[in-house]
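Enquirer: Using only what follows, build the 3D model:
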Amino acid sequence: MERLLEVMRRLRAPDGCPWDQKQTHQSLRPYLLEEAAEAVDAMGRGDPSELAEELGDVLLQVAFHSVIAEQEGTFAYPQVEQHIVDKLIRRHPHVFGNVQAETAEAVIANWQTIKASEGKPARSICDQVPRSLGALARAFEIQKKLDTPPANRASLIEAVQQGNLSEALWLMVALCRQEMVNPEVLLRERCEQNCL
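Expert: Prediction:
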């Protein structure tokens, strides 16, 4: 990681790259989203070499933002790394402590309890789910947090017949949750079928 940070510092130096020099956290937002999406696409294609390359592009974004923050004096890469290391250890007491968790469900329950106890300010459900997620993925996560009841197929059909497509989409997401299928992944796979 240090080599990558050195390269980014050189690119951002006064005699470095004019494009890299003028970037900010705000200007890089679309690139972080795009690089994460490309990594997910590579996972779907199952090519390890392509995935390694795309994960490198995601890592570049981490380095880029870390160097920008370092130059602004707000934080540096070691803080980024320390935050995630501390969080992983804290949220895995079944590995790093003496808590028992024999199933993935027990791990998730512990994780949620620990996360809730971390003392972060209370936020609305909508503020707990990133606004930059795709709309289907965001609806899926919001519905989980709201414990939205299972979809009523008759209501879905009625919403479509009435032309209330936003309600139909919301109900479709609930139906996907009921069927234990991620609607974002499902629709992405369907899009790929049309692109073959």
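Enquirer: max-length helix in this protein?
Expert: Taking DSSP state H as the criterion, the chain has its longest helix at helix 48-72.
Enquirer: mind checking how far it is from the chain centre?
Expert: 15 Å (CA atoms, centre = their mean, to the nearest Å).
Enquirer: Now do that helix, average pLDDT.
Expert: Mean per-residue pLDDT for helix 48-72: 97.
Enquirer: Just after that helix, pick out the following helix or strand.
Expert: Next along the chain after helix 48-72, taking DSSP states H and E as the criterion, comes helix 77-90.
Enquirer: Could I get the buried residue list for the helix or strand following that next one?
Expert: Following helix 77-90 in sequence order, the next helix or strand is helix 93-96 (DSSP H and E). Across helix 93-96, burial judged by 16 or more other CB atoms under 10 Å covers Pro93. C-beta: built from backbone N, CA, C; applies to glycine.
Enquirer: What lies in contact with helix 93-96?
Expert: For helix 93-96, contacts defined as CB atoms under 8 Å, 6 or more residues apart in numbering pick out Ile89, Val99, Gln100, Ala101, Ala106, Val107, Asn110, Ile114.
Enquirer: Return the distance of that helix from the chain's centre.
Expert: Computed by CA atoms, centre = their mean, the chain-centroid distance of helix 93-96 equals 24 Å.
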